Each structure stands twice: as C-alpha cells, then as structure tokens.
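> Generate a structure from the sequence data that follows.
(chains A and B)
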Protein chains: 2
Amino acid sequence: MKKFLLNENEIPSHWYNVLADLPTPLAPYLHPLTGAPLTPADLEPLLGREVIEQEFSTQRWIEIPHEVRDIYRMWRPSPLCRAERLERALDTPARIYFKYEGTSPAGSHKANTAVPQLHYAAREGVGRVTTETGAGQWGSALAFAGALFGIEVAVYMVKASYEHKPYRRSLMHTWGATVTASPSALTRAGRRALEADPDSPGSLGLAISEAVEDALGRPDTKFTLGSVMNHVVLHQSVIGLEAKRQLEIAEDYPDVVVGCVGGGSNFSGLAFPFLAPDPARNGPGPRLVAAEPAACPTLTRGRFGYDHPDTAGLGPLLPMRSLGSAFMPPPIHAGGLRFHGDAPALCHLYENGRVQARAFEQNEVFAEAVRFARTEGFVMAPESAHALKGAVEEALVARETGQVQTILFGLSGHGHFDLAAFDAFLAGRLEDYALSDEQINASLSTMPALRPAGGRHGG
Amino acid sequence: MKKFLLNENEIPSHWYNVLADLPTPLAPYLHPLTGAPLTPADLEPLLGREVIEQEFSTQRWIEIPHEVRDIYRMWRPSPLCRAERLERALDTPARIYFKYEGTSPAGSHKANTAVPQLHYAAREGVGRVTTETGAGQWGSALAFAGALFGIEVAVYMVKASYEHKPYRRSLMHTWGATVTASPSALTRAGRRALEADPDSPGSLGLAISEAVEDALGRPDTKFTLGSVMNHVVLHQSVIGLEAKRQLEIAEDYPDVVVGCVGGGSNFSGLAFPFLAPDPARNGPGPRLVAAEPAACPTLTRGRFGYDHPDTAGLGPLLPMRSLGSAFMPPPIHAGGLRFHGDAPALCHLYENGRVQARAFEQNEVFAEAVRFARTEGFVMAPESAHALKGAVEEALVARETGQVQTILFGLSGHGHFDLAAFDAFLAGRLEDYALSDEQINASLSTMPALRPAGGRHGG
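Numbering: from 1, shown residues only, chains lettered A, B, ... in the order given. Below you'll find the model as predicted:
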C-alpha cells in the first residue's frame, strides 16, 4: 500500500460550493404548505442562520472557520491510499486509490459536517439540536460534535437500527447524547406511526419528521441534517479537495471517481471538487459514478420531481430523484443508504448527464468488502463497500480492455459496528432484495405531481 | 488538538532492543521440564527461527525488513497528539501528549508485531500459526496479518470473551482466521480444564497452553505470542521511536511516560526507546510509569520469580513478576490486561527501580475514558484508559504543585468493540474488584520456588 499524506496546514481553507458551477441553476426548493419557492426566512424556525445562508449561496469558495479547521485536525487531512494489493488481486492494469474517512472519532465522513454545523449553532447561541439517524453514523458524528461544543444532542434513531445496533447507540451515549427509538411517543408524527403499526421498524423519513417536529416545538432547539442539503454537501467538499491535492503528489489524476450514495453527501464531497474550474487542466475531468444499493435505487429507478425529505411532509419540497417519501427500503445492512431521495445538486448533475449511477446487490457488495479486508486490511462499512464494488467493476473493465485507468473511490467509514452483517455474509445468510416494478411504481405514485424543469432521464 | 505527523519515510528503519541497555543482564529463561537455562534450540519446535534469534539478541538496533515497513505504512507513522482540550478540562499546567495506535486495521498496537512475526513465518515456509487471545485485540491483529501473508491462523479465544465479544470474533472471521473457544476439546490442556469445570470461562494462561500444544503437535505449525517475550517488545519499539521524533518536532520532551500494562508490550514499546543512548541529552530521561488494573496487579502486588506464561506449564519459565500462572483475574472489561505475569525486560527494569507502577480500579478508569471522549473525541479501549488514568493523575499533581510537566501516554487502541462496557459504566453497573491479601497470597503460593537474581521489591 502507498499512502499520500498531507500536513495539517494543508487542510483546505475553503469549502467548494458546486452550486457555482452547475450547468444550469438548481430549481428552487418549495414551501411544504404553500408550494411557493422557499425563502431563507422560511427555514429560520428549523435551521441556524449561517447554514441557511450557505444553503442558498452560489459563492464558489466559502471560508472554513479556523475553529472548525482546528477540530478537523483531530483526523484531517485524511489519508489517500493506493490499493496496490487489491490491484494485484484483480490482476488489473488500473491504479486504484481510495480516500479513507474512517479515522474520524465517529468513524466516518459525517464528522466533516457535524463539526461546522454545531460550531455555527454554538456561535448562534443554540443550546440543543435534534436529528435523525439510521445506521447511526450521522447520529454518532453529531453526538461527538455536541460533546465538543457543549450542545445537547437529541437523536431520533430508526427503531430497527436502535434495536439491532446497540453499540452505535452506546457510542452516542458515551458522548452524552440522548437517543430515542423512532417512531416514538414524543411527537405527533411518531404517535401516528405507532397507532398505524405499534411494531413499526421506523424509517429515515419518519425519524426526520420526528426530529423536525421536536425542533419546531422548542425555541431553544434547531434541527440538523446529515446529508441531502446543499450546506452538507458543501462541508463534505473537504474530502475531494484533499484528494485532488494528494493525487497531485502521487502525480496522478482520476479517469473515474466512484462514491456510494444514500443521501449523497459522501459522493458529492469526494466528486464535486473535480468540477471546480482548474486552470492547470483542459478536458472534461473524470467520469463521476454514484454507487447505490439495488434495494434503494433512487438514481437508477427513482423519478426526478419534487418530494419531501420526510414521511410527514414537514420538510421543504426538494427537486430530486425520489422513490417517494413513503418508500420503505428492504432491511439491507447499509442503513446509511436507505433514503428515498438524494441531494438536489447531485440529482441535478445526474439529470444533466454529468453523473452516472450503478446499483448493486447486497451479497456482491459484501464479497468485495471481504476481499478488500483480506488484501488491504481495512474492514469497511457496508455503505462504503458499494463504492468499492463500483471501483472494482471499473478495474475489471480496464483488465478486459487493457487500458490503464486511474480510479478513485471514497471509503466513507469503517465497519466496526457492522460485523454482525459480515458474520451473516460469511455464513451465507445474507439476502439480496430484488424490487419489482410494481413495488417501485406503487411507491413512485405517492410522489407529488409537481415537476422541476430540466429532467433528462424521465421517470 | 495539535497533531504531530511524520512522513512515511520516517517510519523507523530499525527496532530498538532494550536488552542492549539493561543495567544488569536479564536472567535466563529456564526449560519448563529440566529447569536448565533455555537455549535457542529448545524453542525451535515452538517458534520460528528469526524470532528465536531476536528473542536472545542483545544487539541494540535490529533492521526492520522492507516488506514489514511497507505494510506498516497502512497505518504508520501513527499520530502523536497533544490533548489540549483535556488539559483545559483538567485546568493543569501540564502538557499531555498521546501516541495513538488505534488507526491500525485491527484497531490497536498489536499489528506492529503481528506483521513481522508472520512476515518471518512466511519466509520460513510456515503454513499455519496458532495463538491465544483474550479480549481479541491480538487475535484480530494476527488474523489481519495472516490474510496479508496467506498464512492460516488458528486462534484460541478465552471462552468468556468468545461469548461476550462476538464482534471481535467476527472480525477475525472476516480476515479468514479460525477461532475456537478455550477451553476446547481439541487439546489435552483444554479437555482437562473442561473435565474439571465444563463451564470454565477460560483464561489467557489456559488459551496459551492450548495454542502451544496445538503447535507442538503439528510440524506445519508454529506458535505466536502477542506480548511478554523480548521479540514482541522489540517490534513494539516503533511506537516510542516515532514518538521521540514527533516530540522533537513539537520541541518538547517528556518528564514522564505512562503506558498500560497487561503483558507489557505496549508500555515497553512506548517507553523503552527513551532508554536508548541519546548523544543530544544528559540526565536520567523521563520517569516511566506502568498503569495496571487493581484486579490484576502483577507489578504492584505480584512476586518477582520464575513462572510459566501458561497454566499447563508448557511454556518456558520466565523471570518475571507474577501472581501465579493459575491466577484467575476478575472479569474486568480490560481483557487485554488480564495476564498473570509481565514481560521479563519490563520486570527487570521494575526490579531495578527504573520503572514505577500504579494500579487503578475499573470505574475510575472508565470515568477518565468518558471524559476523554467528551473532550478529545476518541473512544478508547479500557486497556488504554489505564494509561490515560495514570496520565491524568500526573497532570493533577502538576496542577497542585504548579509545575509544568510534559506527560506522554500510550493510547494503545480504540474502544469500538468495548461499548457494552461503556454502557455498563454509564448505567452505574460497573464493578470494582478489590483483591484481598488472602486471594493474592493463595495465588502466589502456586508459583515455583525458583528465584532469579536481582529482586528489589521482594514479595
């Protein structure tokens, strides 16, 4: 393995905002009740001032506060590694690099946005924040940041994960957060779900509804989100900015960048900085490939339209590819990818053909994660293994064609809390979930009829 | 937090062998059957040629094979961090640094010796190795190295851990190792233990007996050990060698070095390089403080003498402080510290007054681990938290006296597989275990009567 490290003083000084470089402007968010274009003022009951400003900004470079960079230093710059042992195992002429975000205290890239979100919250006098979490990576990252800034963190955790991932919950407790299984009796949205089904396993969309409702009901509380929105994608750009610099040191440049997509923040953080104007380069830049689970195929089988980020429809209507906010993905272990929509900026670039997408089944993804563990050593999260699978596919194409390709993929987090899933895979007990067209169409039919301009793939 | 990083080319080129600089020579190991001084040939049925040579070597610097350094690059050089947020929380004038080994694929310092041990094994044509593991950190590290070198790894895991830490076991499976609960029916030592008590929870000493017996019975198999022996201590010296260089960059030097002690390899790896001759420095060098659990107080309450590393007496008699090889430590969560003896080199330096020791109760140790998580972000293993507790004690003394002290402690691994223990602590369900003099004396009375020269503390 070759590793390309940066010094602390090479942590980026500015985040990169892809909204400055979209081929056409992003369609506006819409107010969930009136359907009118959403204004910054509309978001004020929910989000902090600074992140609202970032949400609407089209400024290309936004400065990273020095307090945030100071905390980033705990784990940033993160390593860029060349997976030479994997290359040999695949017998491919391709060069495979991965950007490893698993060294953050919470174990994934989510800390990159948890820290600035709570830095701004602390500066704005916010004493408490709510959020949702599925597999628990985002909830852990926010709990970690809450401990550093002395902000109370209330996490609504999808009940299925709450019960099956007790140690993610313990991690949040260790950092001092409170964790509630969703659906809960604490909110109207939760009570309604429990009335309909007392054994409801919950969903990300429902947990968002509960966290939003909680925040709207308390003046000391703001809501935070770990993916999807522009300001989150913005914060994650540190990943790609560092990777670009590290590839320069490696005297290389990617032909293709692969990331896993749930809400899209990890993919976007890694890939979008390659869309920034670069005076040193001509040409179209790398291909960008989003890897998603076949069990939650928002890009490959969803529809581009307006949809809520949450089940109860409390959040704004976002222009995105969606499977419908009521979509209940099968219980794959990559809990962080079980979201019915995607970041608007990512969807916009997908509609414009700048981003491609591939969907993978659970077993083929775990098979690659195990091969990686046995060649490159690191045991990765099932989410990240989708990106790995996409990268391996590219490397195998390179073997067929004999073309030397440079492949960069995002290793978003470690798999230390996912070992029950590895057990199941090794024992041959892991399921694949083929979704029928009927299932997909039933779910799509729940989407609002509103359509933003600029759809390409139809749906 | 400040972080002091090294480049890949600053991974040490040589390990440091403290046997070159002991104030008096180490007493010889003795043959377990004859009691005669052990020769390299005696060890050949059990261990590989190269590690046997290292075990007896008094050469100060031993070259690290380039293949080993190449794999070290996956996680080395490891970061040295200054814990400024903890310093502020403690209101101490002391500067607290920690050397963080949790970024290795297996999550602890154990990989530093697993990799060279299996590199040599592969070079010597060994197809299979056995070992013991308690909490699972050593077993995981060896499984990881086995995957890289294509060597079959058979782990005897203390049954209590096998049952309570299923995810450490899953991790070993993911890397392709086989894991057997000890005591097992596969060995005479195991069967004897099961006959005496079918519900035996096992112990490290017993698991070593099984792994040794297995290796002695198969010509293709060697035994490996994750602590205690000279060659293991040697390999771990990369920790301290890097830390010395990083402190130079920080323009600092430790007044005291604190490490946790189970078998002693982490402590020794961090601390012993400060005993190497240093032309740039006069004076005695830092104080060296070993932090051990009050539930397994080998240094503070054990006796210096000859003892076996294993219950069945298959291993050589080592000159060490021991509680007796039949000692069954209470079930503290720091499973890696539940060993009845310590590395001979460490014991020798303790007897000579060059190393001090402190023993801590489980609850006070976890309280510090939680404070650290909430100030510095990282959730550490309970083993490592003993070193932290020792460092905090030193920092609080510095606050009392107003003296500016530089404290370096070893953070040997992350706590991602120990969150059930954090849960128990946060719920107030964690026990302390005060050992009575009667318990200790009963156990000490099982030690052989043989005494090496050079005891200081009596016992």
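> Grab the most central residue of chain A for me.
residue A:265 (3.6 Å; C-alpha atoms, centre = their mean).
> Contacts for the helix or strand of chain A at the bottom of the mean pLDDT ranking next, please.
Using mean pLDDT, DSSP states H and E, strand A:2-4 stands out as the lowest-scoring helix or strand of chain A, at a mean of 85. Strand A:2-4 is contacted from outside by A:79-82, A:84, A:246-247, A:249-250, B:8, B:73-74, using C-beta atoms under 8 Å, 6 or more residues apart in numbering or on different chains. The C-beta positions use only the backbone N, C-alpha and C, and glycine is treated the same way.
> Out of these, which end up buried?
For the contacts of strand A:2-4, burial is judged from neighbour counts taken by 16 or more other C-beta atoms under 10 Å in any protein chain shown, and it is met by A:79-82, A:246-247, A:250, B:73-74.
> So which of those sit within strands?
Within the buried ones among the contacts of strand A:2-4, membership in strands is found for A:80-82, as judged by DSSP state E.
> ok, now which ones touch the spatially closest residue to residue A:446 that is not a sequence neighbour?
Nearest in space to residue A:446, with sequence neighbours left out and distances taken as C-beta to C-beta, 6 or more residues apart in numbering or on different chains, is residue A:324 at 4.2 Å. Residue A:324 is in contact with A:307, A:340, A:443-447, counting by C-beta under 8 Å, 6+ apart.
> go on, residue A:315?
For residue A:315, the set of contacting residues under the criterion of C-beta under 8 Å, 6+ apart consists of A:32, A:208-209, A:212, A:308-309.
> who wins for most neighbours among those residues?
Each of these was scored by neighbours using other C-beta atoms under 10 Å in any protein chain shown; the highest score is residue A:209's, at 30 neighbours.
> May I ask which helix or strand encompasses that residue?
Taking DSSP states H and E as the criterion, the element that holds residue A:209 is helix A:204-216.
> Look up how far residue A:93 lies from the residue lying farthest from the centre of chain A.
For chain A, the C-alpha farthest from the mean C-alpha position belongs to residue A:402; by C-alpha atoms, centre = their mean, that distance is 33.0 Å. Applying C-beta to C-beta, to the nearest Å, one obtains 6 Å for the distance of residue A:402 from residue A:93.
> just residue A:81 next, same as before
In this structure, residue A:81 and residue A:93 are separated by 19 Å, where distance is defined by C-beta to C-beta.
> repeat for residue A:172
Using C-beta to C-beta, residue A:172 is found at 44 Å from residue A:93.
> quick one on the thing from earlier: would CSV of the contacts of residue A:315 with pLDDT and distance to chain B be doable?
Supplementary listing: the contacts of residue A:315 in CSV, determined by pLDDT from 0 to 100; distance: C-beta to the nearest C-beta, whole Å:
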residue, pLDDT, distance to chain B
A:32, 93, 36
A:208, 93, 25
A:209, 94, 28
A:212, 95, 27
A:308, 95, 34
A:309, 93, 28
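> Kindly reformat those residues as a markdown table and extend each row with distance to residue B:204.
Output for those, formatted as a markdown table (distance: C-beta to C-beta, whole Å):
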| residue | distance to residue B:204 |
| --- | --- |
| A:32 | 59 |
| A:208 | 47 |
| A:209 | 50 |
| A:212 | 51 |
| A:308 | 55 |
| A:309 | 51 |
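> Of the residues you listed, which is the nearest to residue B:41?
Closest to residue B:41 out of the contacts of residue A:315 is residue A:208 (68.4 Å), distances taken as C-beta to C-beta.
> Look up the closest residue to the closest one, ignoring the ones flanking it.
Counting by C-beta to C-beta, 6+ apart, the nearest residue to residue A:208 once its immediate chain neighbours are dropped is residue A:310, at 3.8 Å.
> Give me the phi and psi for the one you found.
Backbone torsions of residue A:310, given as degrees, to the nearest 10, read phi -130, psi 160.
> I figured it was touching residue A:193, is that so?
No: because the distance of 11.7 Å does not satisfy C-beta atoms under 8 Å, residue A:310 is recorded as not touching residue A:193.
> residues contacting residue A:49?
A:120, A:124.
> next one: residue A:275
In this structure, residue A:275 makes contact with A:18, A:21, A:285, A:349, A:354, judged by C-beta under 8 Å, 6+ apart.
> Tell me, how many residues neighbour the last one?
What that stands for is residue A:354. Neighbouring residues of residue A:354 were enumerated by other C-beta under 10 Å; the total is 18.
> Can stretch A:349-367 be said to contact chain B?
No: interface with chain B: stretch A:349-367 contributes nothing (C-beta under 8 Å from any C-beta of the partner chain), its closest point being 9.8 Å away.
> how long is that stretch end to end?
Chord length of stretch A:349-367, first to last residue, is 30 Å (C-alpha to C-alpha, to the nearest Å).
> Can you verify my assumption that residue A:405 contacts residue A:395?
Yes: at 7.4 Å, residue A:405 and residue A:395 qualify as touching, with contact defined as C-beta under 8 Å.
> Mutual contacts of the two, please.
residue A:94.
> quick one: which of the two has more around it?
Higher neighbour count among residue A:405 and residue A:395: residue A:395, with 23 against 19, using other C-beta under 10 Å.
> For residue B:47, see how far away that one is.
Using C-beta to C-beta, one obtains 39 Å as the distance from residue A:395 to residue B:47.
> follow-up on the earlier one: which residues touch the residue nearest to the centre of chain A?
For residue A:265, the contact set (C-beta under 8 Å, 6+ apart) comprises A:109-110, A:113, A:226-228, A:232-233, A:236, A:343.
> how near is it to chain B?
Residue A:265 sits 20 Å away from chain B, going by C-beta to the nearest C-beta, to the nearest Å.
> Next, the distance between the ends of stretch A:125-145.
Terminal residues of stretch A:125-145 lie 15 Å apart, using C-alpha to C-alpha.
> for it, the distance to its chain's centre please.
Centroid separation between stretch A:125-145 and its chain, computed with C-alpha atoms, centre = their mean, to the nearest Å, is 14 Å.
> Equivalent analysis for stretch A:79-98, please.
When C-alpha coordinates are averaged (C-alpha atoms, centre = their mean), stretch A:79-98 and its chain have centres 24 Å apart.
> next one: stretch A:404-420
13 Å.
> Just confirm yes or no for it near chain B.
Yes: contact between stretch A:404-420 and chain B is present through A:414, A:416-417, A:419-420 (criterion: C-beta under 8 Å from any C-beta).
> Now do the buried residues in that stretch.
Residues of stretch A:404-420 classed as buried by neighbour count (16+ other C-beta under 10 Å): A:405-419.
> nearest residue to residue A:244 other than its sequence neighbours?
With C-beta to C-beta, 6+ apart, the residue lying closest to residue A:244 is residue A:273, at 5.8 Å.
> Flag the shaky bits of chain A, pLDDT-wise.
In the prediction, chain A carries residues with pLDDT under 70 at positions A:453-459.
> For residue B:27, state which of the residues of stretch A:404-420 next to chain B is nearest.
Looking at the residues of stretch A:404-420 next to chain B and their distance to residue B:27, the nearest is residue A:416, at 41.4 Å (C-beta to C-beta).
> Can you verify the closest one is assigned to a strand?
No: according to DSSP: H, G, I helix; E, B strand; the rest coil, residue A:416 belongs to no strand; its state is coil.
> how close does it get to residue A:99?
Separation of residue A:416 from residue A:99 (C-beta to C-beta): 19 Å.
> Same check on residue A:44?
Distance, residue A:44 to residue A:99, by C-beta to C-beta: 35 Å.
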